[in-house]
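[1] this is the structure alone, sequence omitted:
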């Protein structure tokens, strides 16, 4: 009797045929082995960090395989002079692996205190999942990834406004009635290197606390010495530019040359205070 092989295959059966064309029985096939597959998704690292400061790294990863990845082994974070994992890379942290089901994602963070004697230069942060190779995966060659931008290890200044006061008043100067804004501030350097040319500053009046392009610039200067109080005054004789009302006075400071002297943390360079601009009427 003639049997069709296609029909048997459609049912998931293997067939053996004798010379006369008769099917004599199903072939037993082994079950498919389902394995996990860990892959990095993102690696986040700062663009600049100094020796004697913390290097904070965050990464996310996914199990794109068909089985749960067990909580075995570790994930390793490296600091490399290139984007390639190698034996001379510095290990800056490890994370214990956690069980991760198929399609699931996870994230982890590593903080590394950079030694003072660490060699300054350009580096890349690399994350290696299952670095000890304890997890059997369907693909073993996709466990490493680097941050999209490099990380410079370099000493630098870190300016911060430590004193900031603002006042406004009405008066007469040179026979003309007007109002003025007086600002007093002191800038400190909390970094690991000097700001060799001092700092520059700018003042703005804003309708809100967010510094934006439509704010009114009221002055600026350069190049003041760090640690010394600066006193600035702006005089206004009419309301052509500044209407009476309540504003945010915003002060921003920065190194004179931010290219040759990049700052470690510019996020604390801005101070704000609410001021009232009086009417001259």
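    Right, received. Where do you want to start? Keep in mind the model is a prediction, meaning the values are calculated, not measured.
[2] all the strands of the stretch 51-200 of the chain, residue numbers only.
    Listed in chain order, the strands of the stretch 51-200 of the chain (DSSP state E, counting those that start in this stretch) span 54-63, 74-80, 90-96, 105-113, 121-128, 144-146, 151-153, 159-173, 176-189, 199-206.
[3] same list (those) but as JSON lines, adding distance to residue 136, mean pLDDT and mean neighbour count.
    Using the backbone N, CA and C atoms, a C-beta is placed for each residue, glycine as well. Converted to JSON lines, these look like this (distance: least, Cβ to Cβ, whole Å; pLDDT from 0 to 100; neighbours: other Cβ atoms under 10 Å):
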{"stretch": "strand 54-63", "distance to residue 136": "13", "mean pLDDT": "97", "mean neighbour count": "19"}
{"stretch": "strand 74-80", "distance to residue 136": "16", "mean pLDDT": "97", "mean neighbour count": "21"}
{"stretch": "strand 90-96", "distance to residue 136": "18", "mean pLDDT": "95", "mean neighbour count": "16"}
{"stretch": "strand 105-113", "distance to residue 136": "19", "mean pLDDT": "96", "mean neighbour count": "15"}
{"stretch": "strand 121-128", "distance to residue 136": "16", "mean pLDDT": "97", "mean neighbour count": "21"}
{"stretch": "strand 144-146", "distance to residue 136": "17", "mean pLDDT": "96", "mean neighbour count": "19"}
{"stretch": "strand 151-153", "distance to residue 136": "33", "mean pLDDT": "95", "mean neighbour count": "18"}
{"stretch": "strand 159-173", "distance to residue 136": "51", "mean pLDDT": "88", "mean neighbour count": "14"}
{"stretch": "strand 176-189", "distance to residue 136": "53", "mean pLDDT": "89", "mean neighbour count": "17"}
{"stretch": "strand 199-206", "distance to residue 136": "57", "mean pLDDT": "92", "mean neighbour count": "20"}
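[4] turn these into a markdown table, including distance to residue 138.
    Shown next, in a markdown table, are the strands of the stretch 51-200 of the chain (distance: least, Cβ to Cβ, whole Å):
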| stretch | distance to residue 138 |
| --- | --- |
| strand 54-63 | 10 |
| strand 74-80 | 18 |
| strand 90-96 | 22 |
| strand 105-113 | 17 |
| strand 121-128 | 18 |
| strand 144-146 | 16 |
| strand 151-153 | 32 |
| strand 159-173 | 51 |
| strand 176-189 | 53 |
| strand 199-206 | 55 |
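[5] of all these, which lies closest to residue 237?
    When the strands of the stretch 51-200 of the chain are compared by Cβ to Cβ, strand 176-189 sits nearest residue 237, at 3.9 Å.
[6] number of residues surrounding residue 117?
    Neighbourhood size, residue 117 [other Cβ atoms under 10 Å]: 7.
[7] for it, give me its contacts.
    Residues near residue 117 by Cβ atoms under 8 Å, 6 or more residues apart in numbering: residue 51.
[8] measure it to residue 191 for me?
    For residue 117, the distance to residue 191 equals 18 Å [Cβ to Cβ, to the nearest Å].
[9] ditto for residue 210
    For residue 210, the distance to residue 191 - Cβ to Cβ - is 26 Å.
[10] quick one: closest of the strands of the stretch 51-200 of the chain to residue 258.
    Using Cβ to Cβ, the nearest of these to residue 258 is strand 199-206, at 9.4 Å.
[11] what packs against the helix or strand just after the closest one?
    Using DSSP states H and E, the helix or strand that follows strand 199-206 towards the C-terminus is strand 216-224. Packed against strand 216-224 by the contact rule (3 or more Cβ pairs under 8 Å, 6 or more residues apart in numbering; DSSP states H and E) you find strand 199-206, strand 230-236.
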